[in-house]
Each structure stands twice: as structure tokens, then as C-alpha cells.
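S.K.: Below is the structure, and that's it, no one-letter string:
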């Protein structure tokens, strides 16, 4: 089953959704957050992966 | 996808800080001993921010009542509190670092205004004022206001200026000033994210998006040579990628974005 965990940039509010990926950042749909290359940055503010945290479902 | 108003309101509350607790007076001796050309570059940047932050704090007022969603209106209010903090910080910078004379913020701003780049004055004193007036007169023009305020002025012009300031201050010579700029830059990231969320909700016309791209490129020149070319290039690439990530960029431009970032 594909991962559905969303990750949020703590600095700007961008939410990484594995179902969508990040085409312009070179991340194909279906890629889990852990599998994204370490040099990937937030498409909105340029923050690093370290600035993301799992988004709680509510 | 980008967060909704509840997230931004919580973020704004969590990040709140007090500009009066940063002891800028401790940086004054280091400022006076800076190499003159470096001090001149910093003076131009700081003077620009003194003017810009005053205007973004004041001109955001009509955005709150123009927001259709009460949650979004509350975030505009939280952002305005941030902007007042930024304006207060840079007024203290004007007084303590730049040595602006005068009994109040207005007179200090008049002093530093003469040191700021003319295109910065035009953007923040005239164009932003016109956009805010348009939003006040017609709330349906909120999208135009947000596109200028959040995505161009904050997302491009102020971001480029902050990156240049932080690069100049990277060696730790003026640690309190750098700390203040870091706090401002941190706030601006969520302001830009919030602006993008507003734009997605408001579903801008293609003409507005095309205008965003053109304005973003043109606005980068506002600082002149005090913002190095490498910083301009990175900020513009981020601006384009930001728009592309949310389908706000014409399809033909996506290839260019992939190469730029």
C-alpha cells in the first residue's frame, strides 16, 4: 500500500503529499518523503528536508 | 498542497517575538569599525528595510476585511502584528545602528529614506499603496493585492534583501542585528506560504499569473548592486518554482523551472 503520510514544512506551511510528488523538484508521484533526495528543498520557501515534520491527521 | 488558516494562525502564535528585547546597542561599536564599503552596502539594505517594513505594516490593513473567510481574515490580522514587529525592529535599527536622528519613527524614517534605493521607495511607497487602496475600495481585488504584497514584495524583493543582509552578516560581526534579521526572514516564509494559499483560493486570472512572473523579474533589480547576482538568481528561481508547484505557471515555463532550481 502506498504511503499516505503527509509532511509539512514548519517554516512556510507547504505540505508534501506522496500522491502528488513535486514534479518541478524532480520528485515523482508515489515517492515517500524518506525516499526524496536529501538535497531536495521546499518548493515554496527553499527550506531543507530537516525543516519538515509529519503532519498530524485531524 | 499548502496549509490552511488554522495552521498559519497557530504558526504565527508560536513564532511571536519581541523586537525590543534585541540589544542592538551592543552592535554599535562593531558597526562603526566596519570596512566602509561593507558598511555602505549594509546601510543601503537596512535603510530600504526601514522604509519597506513601515509600509507593509500599514498597507496590509485593508486585506483583513476583504478576506471572505473569517479564518483567512484572522491570519491577515496575525500577519499585520508580525509586520508591526518588523517595522519596530527596523526603526530601532535606524536609531541605534544607522544613527538616524529624531524624536519619533516618522522623523527617523525621513532620515533613512534618503539612503534607500529609489526603486525600493517606488515599490513600497507608491505601488503598494495603490494596490492596498484598490483592495480597500473593491475587496474583489484582493488577489491582485496579495500577488503584489505577498508574492512579489515579500517573496522576491524582501527575500532577496534578507538573503543579502544575512550574507553580509554571516561572519557574526553584528550578532544582534543578524538575529533580528533571521527572525524577520523566518516570519516572511510563512507570510509567503499564506499568500500562496490565498492565491490558490482566489483562483487568479492567467493575466495575473503572467504579470506575477514579469513583476518578479523586474522587482529583483530594485535593490541594485547590493544584492549579488547569485542571490537574485536563486530568489527568482524559487519564485518560479513556487508558482510552478501549484500550477500557477504556464506549461511552457515548467521546463525552464526544472533547469533553474
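M.R.: Looks like it arrived, so ask away. Since the model is a prediction, treat every value here as computed from it, not as a measurement. Residues are numbered from 1 along each chain as shown, chains lettered A, B, ... in the order given.
S.K.: Residue A:15 looks like it's in a strand, true?
M.R.: Yes - looking at residue A:15 with DSSP: H, G, I helix; E, B strand; the rest coil, it is inside a strand.
S.K.: who's in contact with the residue nearest to it when sequence neighbours are not counted?
M.R.: The shortest distance from residue A:15 to any non-neighbouring residue, by CB to CB, 6 or more residues apart in numbering or on different chains, is to residue B:1 (4.3 Å). Just so you know, the C-beta spots here come from the backbone N, C-alpha and C atoms, and that holds for glycine as well. Contact analysis of residue B:1 by CB atoms under 8 Å, 6 or more residues apart in numbering or on different chains lists A:6, A:14, A:15, A:17, A:20.
S.K.: per-residue confidence at the first one?
M.R.: So that's residue A:6. Listed pLDDT for residue A:6 reads 95.
S.K.: what's the answer for residue B:113, then?
M.R.: On the pLDDT scale, residue B:113 gets 97.
S.K.: does it really touch residue B:48, like I thought?
M.R.: No - Residue B:113 is not in contact with residue B:48 according to CB atoms under 8 Å; the separation is 9.6 Å.
S.K.: between these two, who's got more neighbours?
M.R.: residue B:48 (31 against 18; other CB atoms under 10 Å in any protein chain shown).
S.K.: residues of the helix or strand where the more buried one lies that come out buried?
M.R.: Per DSSP states H and E, residue B:48 falls inside helix B:36-59. For helix B:36-59, a neighbour-count test (16 or more other CB atoms under 10 Å in any protein chain shown) marks B:39, B:41-57, B:59 as buried.
S.K.: interface residues of the stretch 1-150 of chain B facing chain A?
M.R.: B:1, B:2, B:3, B:7, B:8, B:11 (CB under 8 Å from any CB of the partner chain).
S.K.: Double-check the fourth one against residue A:13; I have them as touching.
M.R.: Yes - using CB under 8 Å, residue B:7 makes contact with residue A:13 at a distance of 5.6 Å.
S.K.: Settle it for me: which of these two has more neighbours?
M.R.: residue A:13 (25 against 19).
S.K.: ok, that one - contacts?
M.R.: Residue A:13 neighbours (CB under 8 Å, 6+ apart): A:44, B:2, B:3, B:7, B:8, B:11, B:190, B:193, B:194, B:197.
S.K.: Name the member of the residues you listed with the most neighbours.
M.R.: residue B:194 (29 neighbours).
S.K.: My understanding was that that residue contacts residue B:74; is that so?
M.R.: No - the criterion here is CB under 8 Å, and residue B:194 misses it with residue B:74 at 11.2 Å.
S.K.: thinking again about what came up before, same list (the contacts of residue A:13) but as a markdown table, adding secondary structure.
M.R.: Formatted as a markdown table, the contacts of residue A:13 follow (three-state DSSP):
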| residue | secondary structure |
| --- | --- |
| A:44 | coil |
| B:2 | strand |
| B:3 | coil |
| B:7 | helix |
| B:8 | helix |
| B:11 | helix |
| B:190 | helix |
| B:193 | helix |
| B:194 | helix |
| B:197 | helix |
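S.K.: Which of these sits closest to residue B:240?
M.R.: residue A:44 (12.0 Å; CB to CB).
S.K.: Could you double-check that the closest one sits in contact with residue A:10?
M.R.: No - applying CB under 8 Å as the test, residue A:44 and residue A:10 come out as separate, 12.0 Å apart.
S.K.: Show me the shaky parts of chain A.
M.R.: For chain A, the stretches with pLDDT under 70 are A:1-3, A:57-58.
S.K.: Which stretches in it count as strands?
M.R.: Using DSSP state E, the strands of chain A run over residues A:7-9, A:15-16, A:52-54.
S.K.: which among the contacts of residue B:1 end up buried?
M.R.: A:6, A:14, A:15.
S.K.: And for residue B:22, the neighbour number?
M.R.: 20.
S.K.: same thing with residue A:48?
M.R.: Residues near residue A:48, counting by other CB under 10 Å: 13.
S.K.: Appreciated, that's everything.
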